[in-house]
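Colleague: Generate coordinates for the sequence data below:
(one chain, ligands or ions: 2)
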Amino acid sequence: MSSTSRNSSALQSVNIVFYGAGSMAEAILRGLVENEVASPSRITVMNRSNAERLRELQDRYGVEAASDDAAREASLAKADVIVLAMKPKDAAVALAALKATLRPEQLLVSLIAGLSIDTMQRLTDRAQPIVRTMPNTSSTIGLGATGISYSASVSPGGRQLAQGMFDAIGMTTVVEEHLLESVTAVSGSGPAYIYYMMEAMVSAGVAQGLTPEAALELTVQTVRGAAEMVRQTGESPADLRRKVTSPNGSTQAAIETLERHDFGGAVRKAMDRCAARAAEMGQAIADEALSR
Ligand SMILES: NC(=O)C1=CN([C@@H]2O[C@H](COP(=O)(O)OP(=O)(O)OC[C@H]3O[C@@H](n4cnc5c(N)ncnc54)[C@H](OP(=O)(O)O)[C@@H]3O)[C@@H](O)[C@H]2O)C=CC1
Ligand SMILES: O=C(O)[C@@H]1CCC=N1
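Modeller: Ligands and ions are numbered 1, 2, ... in the order given. Coordinates of the predicted model:
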């Protein structure tokens, strides 16, 4: 694991293309621009067809937009880093389209859940240097959590560059590639589980009579405080939970109710299914690549 800003100054002189301009691309580019890690004039966004979305990103962050074939071709030609930010179902077509223009020194950084380095290399017909990552949307505010794996062809400089990019918008951990499915289950999809829990807490608070505003504010501060307590005290979540739980008190009553509904088992099943689904999406792309 590493901390913010390491190697990030090198990013100022690098041309980065976001190939796909949806929510994850925006989370990362916003983090890079607002934390002044990369220069917006060296960031280009492109997508399949939604020109209005490109204009929106251009207006919001001052990045360049490539909205026609000529601009796309020119931007890809001068890119040092190409970030693959389309949905898994669109990856095979997008990678096949890249094949003709890719130069061996261009670093591909994939955000795509489940898509293996091997499949990407088969789709591009070469041992392109590939950084496979699993980030999350909290990168938007510099609090991202990203798992990273490298293909054998990524140089030490390429590793530094890629890790610097994600360090600058949160924390990173380098893992063996097969563990990226687990990273997806923990932190890639993880924000959604926390939001889901927050939705449930707010609606229960409102059902008990709080105003929606008060229920939301109390819930947000509770989640924020709990995460910071784990981080700042270094105590385990289990120890901190015990400190909240007075014998025979209200917390014990709540935790026992969650246990009766197998809360831990439900989370385990959800995360196992999440990791399996990521692998399935990657396998579907591999099957499509093989059938060409
Ligand atoms: N959202 C999340 O929390 C996370 C997502 N990811 C991964 O990030 C990737 C993107 O997800 P997300 O941002 O949510 O997706 P979005 O649907 O928000 O964005 C997808 C983007 O890809 C573009 N696109 C599709 N096909 C092509 C193509 N052939 N060439 C160029 N661009 C194309 C779309 O363009 P257009 O609109 O013009 O069709 C759109 O800009 C996924 O693979 C996902 O697994 C990883 C971690 C977290
Ligand atoms: O839901 C998805 O497939 C993506 C991957 C991790 C978060 N969102």
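Colleague: quick check, distance from the lengthiest strand in the chain to the centre of its chain.
Modeller: What stands out as the longest strand in the chain, according to DSSP state E, is strand 144-150. Strand 144-150 sits 8 Å away from the centroid of its parent chain (Cα atoms, centre = their mean, to the nearest Å).
Colleague: Can you give the distance from the following helix or strand past it to the centre of its chain?
Modeller: Using DSSP states H and E, the helix or strand that follows strand 144-150 in sequence is helix 156-167. How far helix 156-167 lies from its chain's middle: 16 Å, per Cα atoms, centre = their mean.
Colleague: Can you give me the buried ones in the next helix or strand after helix 156-167?
Modeller: The C-terminal neighbour of helix 156-167 among helices and strands, as given by DSSP H and E, is strand 170-174. By neighbour count on 16 or more other Cβ atoms under 10 Å, the buried set for strand 170-174 is Gly170, Thr172, Thr173. (Glycine included, C-beta is placed from N, CA and C.)
Colleague: which SS class is the residue of the stretch 1-150 of the chain found nearest ligand 2?
Modeller: Residue nearest to ligand 2 within the stretch 1-150 of the chain (Cβ to the nearest ligand atom): Ala113, separated by 3.8 Å. Following DSSP: H, G, I helix; E, B strand; the rest coil, Ala113 is assigned to coil.
Colleague: Report the spatially nearest residue to it, omitting neighbours in sequence.
Modeller: Of all residues not flanking Ala113 in the chain, Ala278 sits nearest, at 4.6 Å (Cβ to Cβ, 6 or more residues apart in numbering).
Colleague: From Ser153, how far off is Leu161?
Modeller: Distance check for Leu161 against Ser153: by Cβ to Cβ, to the nearest Å, it reads 14 Å.
Colleague: So the residue in the chain sticking out farthest from the centre: helix, strand or coil?
Modeller: Within the chain, the residue lying farthest from the chain centre (Cα atoms, centre = their mean) is Asn248, at 40.8 Å. Of the three states, Asn248 takes coil under three-state DSSP.
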